[in-house]
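Peer 1: Give me a 3D structure for the following:
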Amino acid sequence: MARGKLRIYLGAAPGVGKTYAMLAEAHRRIERGTDCVVAFVEHHGRPRTEVMLHGLEQVPRRRLEYRGATFGEMDVDAVLRRAPAVALVDELAHTNVPGSRNAKRWQDVAELLAAGIDVVSTVNIQHLESLGDVVESITGVRQRETVPDEVVRRADQIELVDMSPQALRRRMAHGNIYQPDKVDAALSNYFRPGNLTALRELALLWVADRVDEYLNEYRSEHRVSKIWGSRERIVVGLTGGPEGRTLIRRAARLAEKGAGGEVMAVYIARSDGLTSASPKELAVQRTLVEDLGGTFHHVVGDDIPAALLDFARGVNATQIVLGSSRRKAWQYVFGPGVGATVARESGPDLDVHIVTHEEVAKGRGLPVARGGRLGRARILWGWAVGLAGPAVLALLLNTVDLGLANDMLLFLAVTVAAALLGGLPPALASAAFGSLLLNYFYTPPLHRLTIADPKNIVAIAIFFGVGMSVASVVDLAARRTHQAARLRAESEILSFLAGNVLRGETSLEELLERVRETFAMESAALLERESDVAPWTCAGRAGFGPALERPEDADVDVPAGDHMALALTGRVLPAADRRVLAAFAAQAAVVLDRRRLQEEADRARTLAEGNRIRTALLAAVSHDLRTPLAGIKAAVSSLRSDDVAWSEEDQAELLEGIEEGADRLDHLVGNLLDMSRLQTGTVTPLIREIDVDEVVPMALGGVPEDSVELDVPETLPMVAVDPGLLERSVANLVENAVKYSPRGRRVLVSASAIADRVEVRVVDRGPGVPDEAKDRIFEPFQRYGDAPRGAGVGLGLAVARGFAEAMGGTLDAEDTPGGGLTMVLSLRAAPAGPALPGTDAGVDAGTDIAEPERQVL
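Peer 2: Residues are numbered from 1 along each chain as shown. Just a heads-up that it's a prediction; the model follows:
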């Protein structure tokens with residue numbers, strides 16, 4: 001069955017018209033032929049709302065009594081039986097009267113949705129759980145009825161019912177919301193203009209955020225990379241210079257002109273860490289942008305224009321604000337500058353603002369984007385070979401004459417070597433320097449920078465061109481190799497995450513440790529909070545010194561959900577690493593949700609097990625309690641009757657029946673109480689050291705004489721147990737064994753020491769139990785085979801195992817050789833004390849250690 005769809009009418013305050021709009025929607029749907037019913041709508045005595053109920057089918061409410069009053073609640077069962085296409089449910093955050101099917105109305109709605117029924121509901125912004133503190137600070141009233149944000153956020157459609165504060169107060173004054181005697185108090189308290197304006201802003205912003213989420217989901221699902229200017233997002237490029245404050249203020253003014261404008265300041269640092277930015281100035285600029293309501297971001301990128309554009313497109317920005325270049329005029333020889341490059345590459349979707357400032361043309365321009373991806377040591381070697389290699393080769397060639405062609409090939413080899421080591425710039429320098437040396441030393445006229453033969457000019461030009469070509473190819477290959485290695489590493493990481501998602505293996509702590517190791521960070525922590533104003537708490541951590549106060553305190557923070565963030569400390573990550581880190585953050589949120597769902601499932605399983613036991617208890621005990629009670633009542637009634645003269649033998653038989661029934665009741669009630677203690681976890685054993693031969697004989701008082709053969713040596717080590725629990729466990733095992741043993745066959749109770757354990761074995765010669773049923777017989781209310789109803793309710797073995805495990809022991813079932821069942825109770829032996837002189841350790845001095853004769857009880 002397909003899940004139903006949820007539509008919510010959201011309002012800023014009572015009386016804006018949510019219920020009226022919901023009922024109007026119901027009339028429209030009925031006119032279109034939709035089966036629509038009113039599951040629960042409260043008109044609160046408002047005439048216009050009450051009129052809208054006319055013509056709509058209403059499901060009768062369920063009447064509940066609470067504290068002497070009668071309340072009407074939604075009858076979920078009646079709605080499910082009616083099974084309409086659409087159900088109207090008012091006041092989603094309502095708390096149901098105790099005794100209802102669910103504690104909250106939104107839980108009732110969840111059941112209707114699960115049954116395939118579409119639901120239309122209403123809720124006010126002040127009832128959202130995450131906004132409770134904010135609403136209380138505005139209105140001074142703490143909302144007791146709340147609904148989790150996730151319930152509202154998962155709605156298929158959210159429609160805002162908006163009304164200005166002035167119009168709402170007029171509606172209140174006209175008596176359209178509250179009764180006349182409550183109007184003045186409401187207008188002077190909760191419905192003050194300031195309160196209504198603040199609540200309206202909350203509602204508008206909350207809905208705007210949800211719309212933004214839906215837009216991002218749509219763009220992600222449809223792989224839309226083009227920027228949509230649905231909301232002004234302004235990215236400010238900072239260099240760490242003093243002009244950054246001017247740029248931030250300018251961006252803030254631009255944001256104020258647009259609806260819902262957002263400022264995002266970003267500082268891009270080179271991966272080698274060589275930067276002249278002032279950390280103190282960056283801290284001041286970060287504080288400034290946060291005070292103006294924006295956010296600060298620190299990313300790493302060697303190609304600054306590309307990194308800036310990637311960041312802007314990643315956050316769906318609409319504008320970029322940059323400062324005019326601080327380069328001097330001669331520095332433009334090395335390139336057009338970051339501002340010009342960003343403006344050229346931004347495309348039609350991004351507006352680029354170049355803002356003048358006092359630092360223009362004063363030097364210390366933006367770092368020049370580096371083209372290569374080679375290591376620094378390798379680049380230095382490339383320069384060394386490119387400059388020193390031609391000079392050394394020229395000295396060597398001056399001693400021999402190999403001809404111009406061979407000389408050019410040797411110089412070309414040096415150029416290729418420089419390209420292989422250092423990339424394009426060293427190779428170009430080597431080609432230029434080699435060309436000069438070839439011209440000066442080996443091209444006629446010698447020792448002059450002129451060339452007599454035009455053919456030699458062509459040869460040198462070809463030599464220079466080949467050197468440049470080889471250097472370009474080597475540089476491009478280095479780039480592609482770096483990209484391939486990075487993509488391979490990313491694919492391995494994402495494959496690891498995908499495998500963990502499918503298998504559900506990684507715990508939160510293991511995942512955070514993996515994050516820390518993957519990105520070479522000092523620590524990683526997953527932080528969360530209940531609402532936007534609540535303090536952050538740590539859900540998991542790895543490493544030393546994780547940022548636990550705020551995500552902003554970390555070197556890197558990535559959102560992992562609405563109120564969740566992954567915080568890392570140690571270093572600033574490059575912009576390219578954030579894509580993989582975002583995948584880790586999403587996986588961390590999934591792992592945390594899975595862990596909590598598993599905990600909830602475990603609690604639900606425990607509750608279900610308790611319910612199952614209670615149901616089985618009622619079914620099993622109904623007969624087992626009634627039978628002895630009926631027998632006792634019949635015997636007592638007979639003895640008290642004056643119509644029959646009972647002989648002494650008859651009276652003794654009746655009294656014996658009463659005693660037997662009372663014993664059965666006592667045994668049954670004792671097992672029920674023990675099972676209840678085990679289920680609720682209230683069994684607290686009082687462990688002390690005691691000899692097994694002191695406890696086991698006392699456990700045999702409830703079985704017939706001459707039915708048990710006892711074999712418990714006195715030389716056994718003492719056991720660390722609760723004597724009372726041990727006696728009860730052994731008694732249940734022996735009674736069960738006697739019950740199933742053939743008549744005339746004794747049950748053997750023996751004990752022996754094995755390593756640091758003492759085993760008590762209860763052996764019977766009954767029908768035995770198949771291997772597949774050996775674990776099942778220890779479950780509550782289990783009777784194996786065709787046990788008669790008088791054989792008990794099936795709690796004895798469950799209680800015995802529960803008590804054994806509470807004492808740190810085990811209880812298992814084994815086959816008896818030759819037929820039957822053996823119960824093996826394994827107990828912890830008490831630590832052996834120091835041996836007395838002349839005795840073995842663990843044996844009291846003077847104790848006769850000869851094996852005693854077997855006792856028959």
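Peer 1: Find the residue at the geometric middle of this structure.
Peer 2: residue 592 (2.0 Å; Cα atoms, centre = their mean).
Peer 1: backbone phi and psi for residue 583, please?
Peer 2: phi -70, psi -40 (degrees, to the nearest 10).
Peer 1: for residue 417, what are its contacts?
Peer 2: For residue 417, the contacting residues are 385, 389, taking Cβ atoms under 8 Å, 6 or more residues apart in numbering as the criterion. All C-beta spots, glycine's among them, are computed from the backbone N, C-alpha and C.
Peer 1: would you say it is within a helix?
Peer 2: Yes. Counting by DSSP: H, G, I helix; E, B strand; the rest coil, one finds residue 417 located in a helix.
Peer 1: okay, it: pLDDT?
Peer 2: Predicted confidence (pLDDT) for residue 417: 82.
Peer 1: Go ahead and name everything in contact with the host helix or strand of residue 49.
Peer 2: If you go by DSSP states H and E, residue 49 is part of helix 47-52. The set of residues that contact helix 47-52 without belonging to it, under Cβ under 8 Å, 6+ apart, is 19-20, 23-24, 27, 43, 176.
Peer 1: Mark which of those are part of helices, please.
Peer 2: Among the contacts of helix 47-52, the residues falling in helices (DSSP state H) are 19-20, 23-24, 27.
Peer 1: mind listing the strands for the stretch 401-550 of the chain?
Peer 2: If DSSP state E, counting those that start in this stretch is used as the criterion, the strands of the stretch 401-550 of the chain fall at 523-528, 537-543.
Peer 1: possible to save the ones you listed as CSV with mean neighbour count?
Peer 2: Listed next are these as CSV, based on neighbours: other Cβ atoms under 10 Å:
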stretch, mean neighbour count
strand 523-528, 25
strand 537-543, 18
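Peer 1: Pipe the ones you listed into CSV and attach distance to residue 510 and mean pLDDT per row.
Peer 2: Rendered in CSV, the data for the strands of the stretch 401-550 of the chain read as follows (distance: least, Cβ to Cβ, whole Å; pLDDT from 0 to 100):
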stretch, distance to residue 510, mean pLDDT
strand 523-528, 11, 87
strand 537-543, 8, 83
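Peer 1: Tabulate these (TSV), appending distance to residue 642.
Peer 2: Putting the strands of the stretch 401-550 of the chain into TSV (distance: least, Cβ to Cβ, whole Å) gives the following:
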stretch	distance to residue 642
strand 523-528	78
strand 537-543	77
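Peer 1: Which stretch among those approaches residue 147 most closely?
Peer 2: Shortest distance between residue 147 and those, using Cβ to Cβ, is found for strand 523-528: 19.5 Å.
Peer 1: what's the angle between the closest one and strand 537-543?
Peer 2: Put simply, strand 523-528 runs at 170 degrees to strand 537-543, going by axes from the mean of the first three to the mean of the last three Cα atoms, to 10 degrees.
Peer 1: what lines up beside strand 523-528 in the sheet?
Peer 2: Paired neighbours of strand 523-528 in the sheet (DSSP bridges): strand 537-543 (antiparallel), strand 564-569 (antiparallel).
Peer 1: Using TSV, lay out those together with distance to residue 754.
Peer 2: Listed next are the strands paired with strand 523-528 as TSV, based on distance: least, Cβ to Cβ, whole Å:
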stretch	distance to residue 754
strand 537-543	42
strand 564-569	51
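Peer 1: Those: which one's closest to residue 760?
Peer 2: strand 537-543 (44.5 Å).
Peer 1: And residue 693, which helix or strand is it part of?
Peer 2: With elements delineated by DSSP H and E, residue 693 resides in helix 692-695, which encompasses its position.
Peer 1: Quick one: mean pLDDT over the helix or strand just after that helix.
Peer 2: Following helix 692-695 in sequence order, the next helix or strand is strand 708-711 (DSSP H and E). The pLDDT scores in strand 708-711 average 89.
Peer 1: Just give me how far strand 708-711 sits from the chain centre.
Peer 2: Its chain's C-alpha centre lies 57 Å from the corresponding centre of strand 708-711 when counted by Cα atoms, centre = their mean, to the nearest Å.
Peer 1: Over to stretch 688-697?
Peer 2: Mean C-alpha position of stretch 688-697 versus that of the full chain (Cα atoms, centre = their mean) differs by 50 Å.
Peer 1: how about that stretch: buried residues?
Peer 2: For stretch 688-697, the neighbour count (16 or more other Cβ atoms under 10 Å) marks 690-693, 695-697 as buried.
Peer 1: Could you export those as a markdown table, including distance to residue 730 and pLDDT?
Peer 2: As requested, the buried residues of stretch 688-697 are arranged in a markdown table below (distance: Cβ to Cβ, whole Å; pLDDT from 0 to 100):
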| residue | distance to residue 730 | pLDDT |
| --- | --- | --- |
| 690 | 13 | 90 |
| 691 | 14 | 90 |
| 692 | 9 | 89 |
| 693 | 12 | 88 |
| 695 | 7 | 87 |
| 696 | 6 | 88 |
| 697 | 10 | 87 |
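Peer 1: The strands paired with strand 523-528: which one's closest to residue 647?
Peer 2: Put simply, out of the strands paired with strand 523-528 the one that sits nearest residue 647 is strand 537-543, at 78.5 Å, with distance taken as Cβ to Cβ.
Peer 1: which residues are in contact with that closest one?
Peer 2: Counting by Cβ under 8 Å, 6+ apart, 508-509, 512-513, 515-516, 521-529, 546, 548, 564, 569, 588, 592 sit against strand 537-543.
Peer 1: ok, now with 10 Å
Peer 2: Applying Cβ atoms under 10 Å, 6 or more residues apart in numbering, the contact partners of strand 537-543 are 507-517, 521-530, 546-549, 560, 564, 566-570, 588-589, 591-592, 595-596.
Peer 1: Show me which of the residues you listed are buried.
Peer 2: Among these, those that count as buried by neighbour count (16+ other Cβ under 10 Å) are 508, 511-516, 521, 523-529, 546-548, 560, 564, 566-570, 588-589, 591-592.
Peer 1: give me every residue that touches residue 812.
Peer 2: With contacts defined as Cβ under 10 Å, 6+ apart, the neighbours of residue 812 are 774-775, 778, 801, 804, 822-826.
Peer 1: Could you rerun that using 8 Å?
Peer 2: By Cβ under 8 Å, 6+ apart, the contact list for residue 812 reads 774, 823-824, 826.
Peer 1: Looking at neighbours, which among those residues is most surrounded?
Peer 2: Using other Cβ atoms under 10 Å as the neighbour criterion, residue 823 leads those with 28 neighbours.
Peer 1: just the helices in the stretch 201-350 of the chain please.
Peer 2: Along the stretch 201-350 of the chain, the segments classed as helices by DSSP state H, counting those that start in this stretch run 244-257, 279-291, 304-314, 338-345.
Peer 1: Buried deepest among these, which one?
Peer 2: Across the helices of the stretch 201-350 of the chain, averaging neighbours per residue (mean count of other Cβ atoms under 10 Å) puts helix 304-314 on top, at a mean of 21.
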